[in-house]
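> Sharing a model prediction with you, sequence too.
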Amino acid sequence: MKKTTLLFFITVISLTVTAQKLRIEDFRDIEWGTHIDSIFIDGEQVTLKKKKDEVDNSYYLYGDKMSIGSVGLSKIIYQFNGDDRFYKVMMDGNRDQIKEMIFILNYKFGDRYTTSEVDNVIYRQWVVQDVTFTLSEFAARDFNLTIESDWEQRTIIDKNSNVKDF
């Protein structure tokens, strides 16, 4: 009994430490906080195209891979803040593949997500350090996955965690 209890606590502690060390630095090699004019993929500078029917500072990447694992996507939108720094990506996919997307997110980040339902939309949310993954499942249409980084807060925490003044 003591060995089982000890093994349980060691497992919980190791999972907690692993989750705390996990950090999402980028999406498809575009680091959070990168200026729109400084995006390089495979060593080549990339020009994003303005998405006219979306909110301000929304862009798409011509020739982007329209899938995550085996899940096909119908849209990938990259969003930038007022200073033209990358902070969010939004993707739409076929409702029939919601279970595959949930599997991918659970496999990567564990099944420790929060769930809520508002107006026939089921929201599932995974938070990994300063990056939030929100999977929205609509009753009558496709799903949406939003990945949003609070990279500015991470920068402040990193700076303040490495103070050498005292």
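Good, I have the coordinates.

> how close does Ile98 sit to Gly110?
Distance of Ile98 to Gly110, computed by C-beta to C-beta, to the nearest Å: 18 Å. (Each C-beta comes from the backbone N, C-alpha and C, glycine too.)

> Looking at those two, which has the bigger crowd around it?
Ile98 (20 against 14; other C-beta atoms under 10 Å).

> part of a helix, is that one?
Yes - under DSSP: H, G, I helix; E, B strand; the rest coil, Ile98 sits within a helix.

> who's in contact with it?
135, 137, 143 (C-beta atoms under 8 Å, 6 or more residues apart in numbering).

> Over to Arg28?
Per C-beta under 8 Å, 6+ apart, neighbours of Arg28: 41, 64-65.

> ok, now with 10 Å
Contact partners of Arg28, counting by C-beta atoms under 10 Å, 6 or more residues apart in numbering, are 41, 61, 64-65, 68, 76, 78, 89.

> Same check on Arg23?
Arg23 touches 128-131, 154, counting by C-beta under 10 Å, 6+ apart.

> Return the subset of these lying in strands.
In this view, the contacts of Arg23 that belong to strands under DSSP state E are 128, 131.

> Ranking by neighbours, what's the top pick from the contacts of Arg23?
Of those, with other C-beta under 10 Å as the count, Val131 tops at 23 neighbours.

> Excluding covalently adjacent residues, which one is nearest to that residue?
Ile24 (4.1 Å; C-beta to C-beta, 6 or more residues apart in numbering).

> And the pLDDT for that neighbour?
pLDDT, Ile24: 93.

> low-scoring stretches of the protein, by residue?
1-21, 54 (pLDDT under 70).

> in which helix or strand would I find the most centrally placed residue in the chain?
In the chain, the residue lying closest to the centroid (C-alpha atoms, centre = their mean) is Ile147, at 3.2 Å. Taking DSSP states H and E as the criterion, Ile147 maps to strand 143-149.

> roughly how far is that strand from the heart of the chain?
6 Å (C-alpha atoms, centre = their mean, to the nearest Å).

> Using PDB, write out the CA atom coordinates for that strand.
Taking Å, rounded to 0.1, in the frame of the first residue of the first chain, the C-alpha atoms of strand 143-149 are listed here in PDB:
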ATOM      1  CA  PHE A 143     -15.200  23.700 -35.200                       C
ATOM      2  CA  ASN A 144     -12.800  26.500 -34.500                       C
ATOM      3  CA  LEU A 145      -9.400  26.200 -32.800                       C
ATOM      4  CA  THR A 146      -7.800  29.400 -31.500                       C
ATOM      5  CA  ILE A 147      -4.300  29.400 -30.100                       C
ATOM      6  CA  GLU A 148      -3.400  32.700 -28.300                       C
ATOM      7  CA  SER A 149      -0.100  33.500 -26.700                       C
END
